[in-house]
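Visitor: this one's structure only:
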């Protein structure tokens with residue numbers, strides 16, 4: 001949503017500090033040259049996990065386990081139930097399972113996933129992941145962990161306490177917390193080891209959340225990363241760089257390289273090993289402000305057809321994100337007869353027990369072209385099928401809190417040039433038009449169906465904010481009041497604050513932005529993430545925090561009955 005890097009890009013590859021360099025350094029020079037001195041035994045190089053491990057889309061009884069190998073091999077995972085101190089449970093509560101997954105091959109960039117099902121609820125697991133080579137030799141083992149969500153009907157077999165769906169108390173041991181943010185390695189601000197790398201990931205990890213929602217812009221495929229950038233105050237920002245991030249991503253290899261690059265950050269690897277991810281995508285996984293069918297006007301590209309770029313970007317993103325929904329498994333080359341990009345859906349519901357359901361939106365795949373947004377008829381931001389799904393699933397949810405994870409905010413104006421709009425809003429505070437009509441239909445259906453306790457969480461705009469929407473202030477009034485919380489960036493340039501559109505009556509209760517457009521993440525003061533704590537009393541405490549862990553805003557919501 002923001003400017004591309006202003007720095008000059010160097011083509012020289014720097015792999016200082018990367019696990020790839022370490023792996024190469026461990027191989028004897030003779031072996032690298034393809035020869036072995038007489039009398040010296042040939043030692044097989046064991047498979048390593050250069051991007052670490054991750055889990056994702058964790059529910060009360062399932063999880064996706066992910067990793068990438070250094071070469072071809074079969075993924076193996078070991079799960080053991082542990083107590084809060086990490087000690088293996090014996091007797092009652094004991095659980096151990098060895099899972100053999102698919103082979104990681106070059107076709108998937110050596111990534112692999114295991115869908116682990118039939119897991120006990122509200123249980124902490126120690127996790128080990130490794131890969132076996134073609135000869136059956138085990139490689140490096142990387143350890144992590146995660147906790148499954150509370151069960152929707154029982155708590156460790158003891159039954160519910162109170163009427164959860166209408167706000168009754170829950171056992172303190174079953175409460176949960178999570179974090180969310182967006183925008184990683186944007187505007188040319190990459191991994192700077194001189195300042196400790198992407199420190200925002202460390203700050204999120206230190207809150208010990210049960211899971212993490214990445215609200216999009218997981219990479220910046222359209223933002224080259226240079227070895228050094230001179231900041232506004234004259235300081236020199238020094239990036240790790242690789243060949244794939246030194247230019248805009250056009251080939252599948254270059255898109256994959258963007259994900260590999262981010263995983264070079266030790267803070268991200270440490271967090272992903274212990275905190276499950278719920279991943280979304282937005283525009284920068286492909287190109288700034290893109291929409292299906294677009295022919296981009298960008299002189300840095302030899303490939304201008306955004307459908308081609310999106311297909312490659314989607315494949316790389318999906319290979320590197322631990323997504324569970326089988327309907328989200330996309331195969332390359334999925335286009336309709338007119339050549340439009342038509343991947344399988346990635347919008348999905350993640351059930352987190354009686355307190356919480358997460359509804360993960362996709363506001364990019366079905367997006368209408370960016371216009372001034374003032375069409376007198378509904379244009380698409382979700383698409384009819386996704387909008388119908390959202391209304392149906394949220395209306396049918398029995399969870400106390402319904403979190404709608406959106407990759408674009410509702411009331412913030414996000415221009416795409418002098419006239420067109422990238423956002424839902426259109427800068428016109430009057431009755432809904434264009435994309436606003438689709439959102440108005442969703443909000444109206446929520447009211448009609450008696451939906452309570454829906455909260456919208458998003459990122460995208462590179463500053464943090466708390467917005468309260470109410471029909472009392474709105475041009476469109478057929479909806480119930482709700483909150484929207486905005487966080488980010490976590491490791492990118494700071495921008496904002498943006499203008500607001502009054503159609504749905506937003507009140508800016510709080511906002512905090514960078515000191516100037518494109519401010520670097522150096523001091524962490526204007527890099528943001530959100531944190532939610534669900535209390536034993538079913539309260540929903542949303543706080544906005546900077547990359548140093550300081551809380552800049554907090555709001556406690558109590559459930560409506």
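Guide: Thanks, I have the structure now. Just so we're clear, the structure is a prediction, and the values are computed from it rather than from any experiment.
Visitor: quick one: the strands in the stretch 101-250 of the chain?
Guide: 111-116, 124-132, 142-147, 177-181, 211-214, 228-230, 236-238 (DSSP state E, counting those that start in this stretch).
Visitor: any idea which of the ones you listed gets closest to residue 304?
Guide: Closest approach to residue 304 among these (CB to CB): strand 228-230, 27.1 Å. For every residue, glycine as well, the C-beta is placed using N, CA and C.
Visitor: partner strands of the closest one and their direction?
Guide: Strand pairing for strand 228-230, determined by DSSP bridges: strand 236-238 (antiparallel).
Visitor: mind listing what's buried in the strand it pairs with?
Guide: Under the neighbour-count criterion of 16 or more other CB atoms under 10 Å, strand 236-238 has 237, 238 buried.
Visitor: excluding its backbone neighbours, what's nearest residue 288?
Guide: Leaving aside its sequence neighbours, residue 288 sits nearest to residue 222 (CB to CB, 6 or more residues apart in numbering; 5.3 Å).
Visitor: report how many residues lie close to that neighbour.
Guide: The number of residues packed near residue 222 is 26, by other CB atoms under 10 Å.
Visitor: re earlier: residue 316: which of the strands of the stretch 101-250 of the chain is closest?
Guide: Closest approach to residue 316 among those is made by strand 111-116 (9.5 Å; CB to CB).
Visitor: which elements pack onto the closest one?
Guide: Under the contact definition 3 or more CB pairs under 8 Å, 6 or more residues apart in numbering; DSSP states H and E, strand 111-116 sits against strand 63-68, strand 73-82, strand 96-104.
Visitor: packing partners for the last one?
Guide: To tie it back to what came earlier, the one meant is strand 96-104. strand 63-68, strand 73-82, strand 111-116.
Visitor: same thing with the second one?
Guide: Under the contact criterion of 3+ CB pairs under 8 Å, 6+ apart, strand 73-82 touches strand 63-68, strand 96-104, strand 111-116, strand 124-132.
Visitor: so which residue is smack in the middle of this structure?
Guide: residue 214 (2.1 Å; CA atoms, centre = their mean).
Visitor: could you give the bridge partners of it?
Guide: Beta-bridge partners recorded for residue 214 (DSSP bridges): residue 181, residue 279.
Visitor: I'd say it and residue 278 touch.
Guide: Yes: counting by CB atoms under 8 Å, residue 214 sits close enough to residue 278 to count as a contact (7.2 Å).
Visitor: re earlier: among the helices and strands packed on strand 111-116, which is nearest residue 470?
Guide: Among the helices and strands packed on strand 111-116, strand 63-68 comes nearest to residue 470, with 38.1 Å by CB to CB.
Visitor: which residues sit against the closest one?
Guide: Contacts to strand 63-68, defined as CB atoms under 8 Å, 6 or more residues apart in numbering, come from residues 49-58, 75, 77, 99, 101, 104, 109-116, 119, 127, 129, 131, 142, 146, 148, 260, 263, 276, 320-324.
Visitor: show the buried residues in these.
Guide: Buried members of the contacts of strand 63-68, counted by 16+ other CB under 10 Å: 49-58, 75, 77, 101, 104, 109-114, 116, 119, 127, 129, 131, 142, 146, 148, 260, 263, 276, 320-324.
Visitor: which residues of this protein score low on pLDDT?
Guide: Per-residue confidence for the chain (pLDDT under 70) gives these ranges: 1-44, 153-173, 325-344.
Visitor: again, only using 50
Guide: For the chain, the stretches with pLDDT under 50 are 2-43, 154-167, 327-341.
Visitor: so where do the helices sit in it?
Guide: Taking DSSP state H as the test, the helices found in the chain are 19-25, 29-32, 199-206, 252-262, 266-274, 306-320, 384-396, 435-448.
Visitor: residue 185: which of those is closest?
Guide: helix 252-262 (5.7 Å).
Visitor: thinking again about what came up before, out of the strands of the stretch 101-250 of the chain, nearest to residue 88?
Guide: Set against residue 88 and scored by CB to CB, these come closest in strand 124-132, at 7.1 Å.
Visitor: which other helices and strands does the closest one contact?
Guide: strand 53-56, strand 63-68, strand 73-82, strand 142-147.
Visitor: contacts for it, please.
Guide: Contact with strand 124-132 is made by 47, 49, 53, 55, 65, 67, 69, 73-84, 86, 88, 95, 104, 112, 119, 138-148, 273, as judged by CB under 8 Å, 6+ apart.
Visitor: and if we set it to 7 Å?
Guide: 47, 49, 53, 65, 67, 69, 73-82, 84, 86, 104, 138-147 (CB atoms under 7 Å, 6 or more residues apart in numbering).
Visitor: list only buried entries from those residues.
Guide: Using 16+ other CB under 10 Å, the buried ones in the contacts of strand 124-132 are 47, 49, 53, 65, 67, 69, 73-82, 104, 139-140, 142, 144-147.
Visitor: as CSV, the helices and strands packed on strand 111-116 with distance to residue 218 would be great.
Guide: Output for those, formatted as CSV (distance: least, CB to CB, whole Å):
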stretch, distance to residue 218
strand 63-68, 13
strand 73-82, 22
strand 96-104, 20
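Visitor: still on that earlier bit, for residue 47, see how far away the residue nearest to residue 288 is.
Guide: According to CB to CB, to the nearest Å, residue 222 stands 32 Å off from residue 47.
Visitor: go on, residue 293?
Guide: Distance of residue 293 to residue 47, given as CB to CB: 41 Å.
Visitor: cool, residue 90 as well?
Guide: Taken as CB to CB, the span from residue 90 to residue 47 is 32 Å.
Visitor: check contacts around the closest residue to residue 275 other than its chain neighbours.
Guide: With sequence-adjacent residues excluded and distances taken as CB to CB, 6+ apart, residue 275 is closest to residue 212, at 4.9 Å. By CB under 7 Å, 6+ apart, residue 212 lies in contact with 178, 179, 180, 204, 275, 276, 277.
Visitor: contacting residues around the nearest residue to the fourth one once chain neighbours are set aside?
Guide: Read it as residue 204. The shortest distance from residue 204 to any non-neighbouring residue, by CB to CB, 6+ apart, is to residue 179 (4.6 Å). Taking CB under 7 Å, 6+ apart, we find residue 179 in contact with 204, 207, 209, 212, 529, 530, 531.
Visitor: now, which of these sits nearest residue 543?
Guide: residue 531 (4.9 Å).
Visitor: my guess is the closest one meets residue 206, correct?
Guide: No: counting by CB atoms under 7 Å, residue 531 sits too far from residue 206 to count as a contact (10.7 Å).
Visitor: of the two, which one has the most company?
Guide: A count of neighbours by other CB under 10 Å puts residue 531 above the other of residue 531 and residue 206, at 23 against 10.
Visitor: got the contact list for the more buried one?
Guide: Taking CB under 7 Å, 6+ apart as the contact definition, residue 531 lies against 177, 179, 207, 543, 545.
Visitor: same check, this time on residue 482
Guide: Taking CB under 7 Å, 6+ apart, we find residue 482 in contact with 454, 455, 456, 469.
Visitor: what bridges to the second one?
Guide: With DSSP bridges as the criterion, the beta-bridge partners of residue 455 are residue 403, residue 483.
Visitor: that one: neighbour count?
Guide: 18.
Visitor: so what's it up against?
Guide: Going by CB under 7 Å, 6+ apart, residue 455 touches 401, 403, 482, 483, 540.
Visitor: out of those residues, who's nearest residue 393?
Guide: Nearest to residue 393 among these, counting by CB to CB, is residue 403 at 12.2 Å.
Visitor: mind checking how far that closest one is from residue 62?
Guide: Per CB to CB, residue 403 is found 19 Å from residue 62.
Visitor: what separates the residue nearest to residue 203 when sequence neighbours are not counted from residue 207, distance-wise?
Guide: Distances taken as CB to CB, 6+ apart put residue 549 closest to residue 203, at 4.3 Å, once the chain neighbours are dropped. Going from residue 549 to residue 207 by CB to CB gives 8 Å.
Visitor: over to residue 57?
Guide: Residue 57 sits 20 Å away from residue 207, going by CB to CB.
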